[in-house]
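[1] Build me a structure from this.
(chains A, B, C and D)
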There are 2 protein chains.
Amino acid sequence: MKKHDQDFMKRQNRLTVFEIIKSQQPISRAAIAKQTGMSPTTVSRIVAELTEEGYLLETEQVSAGLGRKSTLLAMVDAAVLSVGVELDRHRIHIGIVDIQGNVVAKTDYARATDESVNATLERIGAEIDRLTKSNEIDCGRLIGIGVGLPGIVDNEKGVVVFSVQLGWKNVALAEKLKAITGYEVAIDNELKVKALAEHLKGAAIGSSRTAMLGFGNGVGSALIVDGEIDRGKTNSAGEIGHTTIDPNGMMCDCGKAGCLQTYINIHSLLSEANKIRPVRTIEELFEARRAGERWAVYLVDRALMYMAITINNVVCMHNPDTVIMSGELTDKFPEIYEEVAELCIKRFVWEPLRGTFAIRPSELSGQGVVIGSGLMSQNCFFALE
Amino acid sequence: MKKHDQDFMKRQNRLTVFEIIKSQQPISRAAIAKQTGMSPTTVSRIVAELTEEGYLLETEQVSAGLGRKSTLLAMVDAAVLSVGVELDRHRIHIGIVDIQGNVVAKTDYARATDESVNATLERIGAEIDRLTKSNEIDCGRLIGIGVGLPGIVDNEKGVVVFSVQLGWKNVALAEKLKAITGYEVAIDNELKVKALAEHLKGAAIGSSRTAMLGFGNGVGSALIVDGEIDRGKTNSAGEIGHTTIDPNGMMCDCGKAGCLQTYINIHSLLSEANKIRPVRTIEELFEARRAGERWAVYLVDRALMYMAITINNVVCMHNPDTVIMSGELTDKFPEIYEEVAELCIKRFVWEPLRGTFAIRPSELSGQGVVIGSGLMSQNCFFALE
DNA sequence: TCCATTATTTTCACCAATGAATTAAATAAT
DNA sequence: ATTATTTAATTCATTGGTGAAAATAATGGA
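    Numbering: from 1, shown residues only, chains lettered A, B, ... in the order given. Purely as a prediction, here's the structure:
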C-alpha cells in the first residue's frame, strides 16, 4: 500500500493522459477529459506540461460535428528512446526503440558461447555507443536500456538468478551494465518481454490477459495481465518446461521423468530422431515428416499434440483472452500454427472455455525481445519519474 | 487507469491506514506514519475520522523505550459485519463474519438438490433474518452478503455463469438476493473465496502469492496475488479439472480423454472402484487401501500421484510462495497431505523451484467459504465507499 | 448577423497533505 | 529533584493539484 500524496496524484494523472495519447493518438483534450473523468482544466494543464517537455505535439484541427474544432494531440515518437537488447547464447541483437515500439536503428552480432559476463557487457556497451553515433541518436532522449535473456531473472534487483542457456548464476547484470554505459538498465526473461511486446505492438494489442508460449529450445510461458508482466513470487512464473506431462515417460535432463520439454524441445526431438536415423537439423526432421516417413511423423505429431495440450492447460489455469505461439519451432515452421491451434480446440479444450480466447501466431518474432525489452525499460522510467 | 483526485487520494489513504490497523493492531499513530511515509498530521486526522465513525478504538498506552508513550489503536471488531454464505448442492452454511474474519453467529441446513433458485434464495434471506434476530446483531453494522458457490461466477456482474453442480446457468444471483434481503451482495466461486479466507485468516497469512488447490468432487485451483483474487478474463482461471494429463487416458464426463479430474475426482474414483468391487463411499475405498487391497492401493496411489503432479504443475505456472491443499479428500483423509507433499517435492518439483514455496493443509476447511465470502463482501464495501 | 454548440483556457476556491512549531509525556543524566 | 533528551501527538499556516464556473474561441446553421 502506497502513500497517496498530491505529488503521486499528479504523476498518476500525467501518466494516465500520457498513456491514453500514446495508445489512442491522435486525440483531443476534450476526449481525454471525457474518457478519464478529469476536468478539462486538468487535462489542458497536463497537456501543456507534456508539450512543454517535448513529449507531445498538436497536429491538426478536426470538427466532430457541431461546435469548435478539436485540436488533436499526438506523441513525438522520438521524445523517448531506449535500447532493447536480446542477449542469447550465440547471438546478440541490439535496437533503439522509440516510444511507439518502432525500432529506429539496430545491429546484431555473434557471441562466443564461452565469452565472460564482463566481456559480453563491454561489447554491448560499445555496440550501443556505435549504434547511437552512427545513427545520430539524440542521447538526451535515451532514457535507459532493457535486456531480455533466457533464464530466471530478478527484474526488481536486476539480477540474473539462473540461466541454463548462458551458464550464469546470480549475475548482477543491471548494475554492471549501468556501470559500463551510464544508463538505467532493466532486465527480464526474454519470453516475458516478448509477451509484453506482442501485447503492446503485436498480436495481442487490446488484450487484457495475454498468455505467451515459447516453443523452441526449452518450453516456456509468460502472462501479461492488464499490461503488466506477471513474474511470480521468485520470478519463475511460466517455467512450464518442467511441468509433468507423463509420470512414466522419458527422462528429462533435469533428472525427472516426463517433463513437458522432453517432448517438445528441439534438442530432445533431434536426439530422439537420432536414435533412429542420423538427423542434424530440425529442418531435416520436418522434411522427413513431409515425406511421410513414419518415425518423423510420429515424433513431430507427438510434439504438436503436446503443444496443443500445453495451450489447453495454460488456458485452464490462466483463462487468458489471447494465446500467442512463438519460438524457434513456430518461426521456422509457421504451418504448424494452424495445425496445433485446431488440434487444441477440437480435441482438448473444455466446452465452456471454447470461444473465450484466441490463439494467434507471434507477429514480431524476429524483433520481439528487442522491442519488448526496450519498451519495458521505458515503463520503468515512467513509473519512477 | 483511474482518475486521481483529492477525494480518491483521501479514500486511498483512509483505506491504507485502516488495513494497517486491521492487520497489525494494536499499533500507534506514529508507527503507521513511519510505515506509510505519511505525515503524522495526516495519520492523526484519518485516525480521528475513523474513530469518530466507530471503526477504531484507543486501547492502552505503551512505552517504546524513550519518550512519550504511544497510544495504541485497535479495530472495533463488530464495527463492520457481513454475512458469508456457502451455497452447495446439498447443504447451505450461513455465518455472520466480523471485520477480523471471526464467525460471530452461524447456522446451516440441508438443501433439496432440485430446489429452485428463487426458493433457495428466499430461504437464505429468511435464515439470515432469523440469524441476526436471534443473535441480536446490529444490522446497522451489517454491510453486505457474500456468497461462495461451485462453478464459474462473474463476480463483477454478480452472475452465476455456469455451475454443473447446481445445474444453474446465467443466474443473476446477486441482483436477486439483493432484491430479497436489501443488502449488497457479492458472489464468487467457492474455491476462490476459500483461498481468500486462508490468505487472510488461515494457512497463508502473510503470503503474497497463494495457490489453493481443491480436491474433492471436481478439481480446482485458485490464486491470490497480493491479496487479490485472480479471476481470469472470463472468471474461469483455475479451472484445472479439464487440463489434459494423459491424452490416451480415460474418458471424462466432458467427452474428452485424459482430463485431470478423471483421476482424482471422488466420483470417478468410486466408479472406477465399482468396476472391481461394490464400493459405496470414499471411506470404504480408503479403508480397503489401508487393508492393503491391491486395486484400492492402485487407485488411491494413482490419485495421490496426480495430486502431487497437479501441485507441481501449478507451481511451475504460477510460482506461488504458498500452496494450500483443501477439499473433501484432504478434509476426510488428512493423512494424505504429508504423503502428497513429500511425493510432489521429491519426485516432481524441478530443482530451482524447490524451497521457493511451502505446501500446507487448509486450516479453515469447515468455515473457509463462509469466512472468505463474508470478507470478500467487506472488501467490496471498502473499495466502493 | 446572431445563436446554439462544442473545445479550450482562465480564474479562483477548495481541500488533502505537509512541515514547522508546539504541547505532552516519558526516560536518562546530572 | 532538576534538567536534557527523546518520542508522540496536535495545532496552525502553507502548498499545490484539482474542479467549477466563467470567459474565450471557433464553428455550423437559422
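[2] Give the burial count for the residue in chain A positioned nearest to DNA strand C, as a bare number.
    Proximity to DNA strand C, evaluated over chain A using C-beta to the nearest atom of the strand, is greatest for residue A:67 at 2.1 Å. (Glycine included, C-beta is placed from N, CA and C.) Neighbours of residue A:67 under the rule other C-beta atoms under 10 Å in any protein chain shown: 8.
[3] Can you tell me how far it is from residue B:193?
    50 Å (C-beta to C-beta, to the nearest Å).
[4] quick one: residue A:1 from DNA strand D, how far?
    The gap separating residue A:1 from DNA strand D is 19 Å, by C-beta to the nearest atom of the strand, to the nearest Å.
[5] Skipping adjacent residues, who's closest to that residue in space?
    residue B:16 (4.4 Å; C-beta to C-beta, 6 or more residues apart in numbering or on different chains).
[6] secondary structure element for that neighbour?
    Using DSSP states H and E, residue B:16 sits within helix B:6-24.
[7] surely residue A:99 meets residue A:74?
    No: with contact defined as C-beta atoms under 8 Å, residue A:99 and residue A:74 do not form a contacting pair (11.0 Å).
[8] between the two, which one's more packed in?
    Of the pair residue A:99 and residue A:74, residue A:99 is the one with more neighbours under other C-beta under 10 Å, namely 22 against 15.
[9] ok now do the residue nearest to that one when sequence neighbours are not counted, which residues does it touch?
    With sequence-adjacent residues excluded and distances taken as C-beta to C-beta, 6+ apart, residue A:99 is closest to residue A:80, at 4.4 Å. By C-beta atoms under 8 Å, 6 or more residues apart in numbering or on different chains, residue A:80 lies in contact with A:55, A:98, A:99, A:141, A:143, A:378, A:381.
[10] cool, and residue A:79?
    So residue A:79 contacts A:53, A:54, A:55, A:99, A:141 (C-beta under 8 Å, 6+ apart).
[11] how near is residue A:11 to residue B:100?
    Remark: distance between residue A:11 and residue B:100 (C-beta to C-beta) = 35 Å.
[12] Show me what the helix holding residue B:16 packs onto, helices and strands only.
    helix A:6-24, helix B:29-36, helix B:40-52, strand B:70-75 (3 or more C-beta pairs under 8 Å, 6 or more residues apart in numbering or on different chains; DSSP states H and E).
[13] how about the longest one: buried residues?
    Going back to what we said before, that points to helix A:6-24. Neighbour counts over helix A:6-24 (16 or more other C-beta atoms under 10 Å in any protein chain shown) mark A:9, A:12, A:13, A:14, A:15, A:16, A:17, A:18, A:20, A:21, A:22 as buried.
[14] Turn these into TSV, including distance to residue B:351.
    Formatted as TSV, those follow (distance: C-beta to C-beta, whole Å):
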residue	distance to residue B:351
A:9	46
A:12	42
A:13	46
A:14	45
A:15	40
A:16	43
A:17	47
A:18	43
A:20	45
A:21	47
A:22	42
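[15] Could you let me know which of the residues you listed ends up closest to DNA strand D?
    Distances from DNA strand D to these, taken by C-beta to the nearest atom of the strand, are shortest for residue A:13, at 3.5 Å.
[16] Quick check: the closest one touching residue B:6?
    No: in this structure, residue A:13 is not within contact of residue B:6 by C-beta under 8 Å, at 11.5 Å.
[17] Can you get me a residue count around residue A:196?
    Using other C-beta under 10 Å, residue A:196 has 31 other residues around it.
[18] So what does the closest residue to residue A:201 other than its chain neighbours look like in phi/psi?
    Leaving aside its chain neighbours, residue A:201 sits nearest to residue A:101 (4.1 Å; criterion: C-beta to C-beta, 6+ apart). Dihedral pair for residue A:101: phi 90, psi 10, per degrees, to the nearest 10.
[19] can you give me the strands in the stretch 201-350 of chain A?
    Secondary structure of the stretch 201-350 of chain A, counting by DSSP state E, counting those that start in this stretch: strands at A:209-216, A:218-225, A:228-229, A:322-326.
[20] Take the ones you listed and lay them out in CSV including distance to residue B:305 and mean pLDDT.
    Shown next, in CSV, are the strands of the stretch 201-350 of chain A (distance: least, C-beta to C-beta, whole Å; pLDDT from 0 to 100):
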stretch, distance to residue B:305, mean pLDDT
strand A:209-216, 26, 96
strand A:218-225, 22, 95
strand A:228-229, 33, 96
strand A:322-326, 28, 97
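[21] which one of those lies closest to DNA strand D?
    Nearest to DNA strand D, of all the strands of the stretch 201-350 of chain A, is strand A:228-229, at 22.2 Å by C-beta to the nearest atom of the strand.
[22] ok, the closest one: who's next to it in the sheet?
    Note on strand A:228-229: by DSSP bridges, its sheet partners are strand A:218-225 (antiparallel).
[23] Any idea how many residues pack against residue A:50?
    Counted by other C-beta under 10 Å, the residues lying close to residue A:50 total 20.
[24] Go ahead and confirm it touches residue A:56.
    Yes: between residue A:50 and residue A:56 there is a contact under C-beta under 8 Å: 4.6 Å.
[25] Need the residues touching each of those two.
    Counting by C-beta under 8 Å, 6+ apart, residue A:50 and residue A:56 have no shared contacts at all.
[26] Residue A:136 - that's part of a strand, no?
    No: counting by DSSP: H, G, I helix; E, B strand; the rest coil, residue A:136 is not part of a strand but coil.
[27] Show residues contacting stretch A:285-296.
    The contact list for stretch A:285-296 (C-beta under 8 Å, 6+ apart) reads A:269, A:270, A:273, A:276, A:277, A:279, A:297, A:299, A:300, A:301, A:332, A:333.
[28] what mean pLDDT does that stretch have?
    Averaged over stretch A:285-296, pLDDT sits at 94.
[29] Could you report the neighbour count for the nearest residue to residue A:304 once chain neighbours are set aside?
    Excluding its sequence neighbours, the residue lying closest to residue A:304 (C-beta to C-beta, 6+ apart) is residue A:340, at 5.3 Å. Other residues lying near residue A:340 total 25 when counted by other C-beta under 10 Å.
[30] again, but for residue A:90
    9.
[31] Test my guess that it contacts residue A:109.
    No: assessed by C-beta under 8 Å, residue A:90 is found out of contact with residue A:109, at 10.4 Å.
[32] For the closest residue to chain B within the stretch 251-385 of chain A, give me its contacts.
    Proximity of the stretch 251-385 of chain A to chain B (C-beta to the nearest C-beta) peaks at residue A:319, 2.7 Å away. Counting by C-beta under 8 Å, 6+ apart, residue A:319 makes contact with A:209, A:353, A:356-357, B:231-239.
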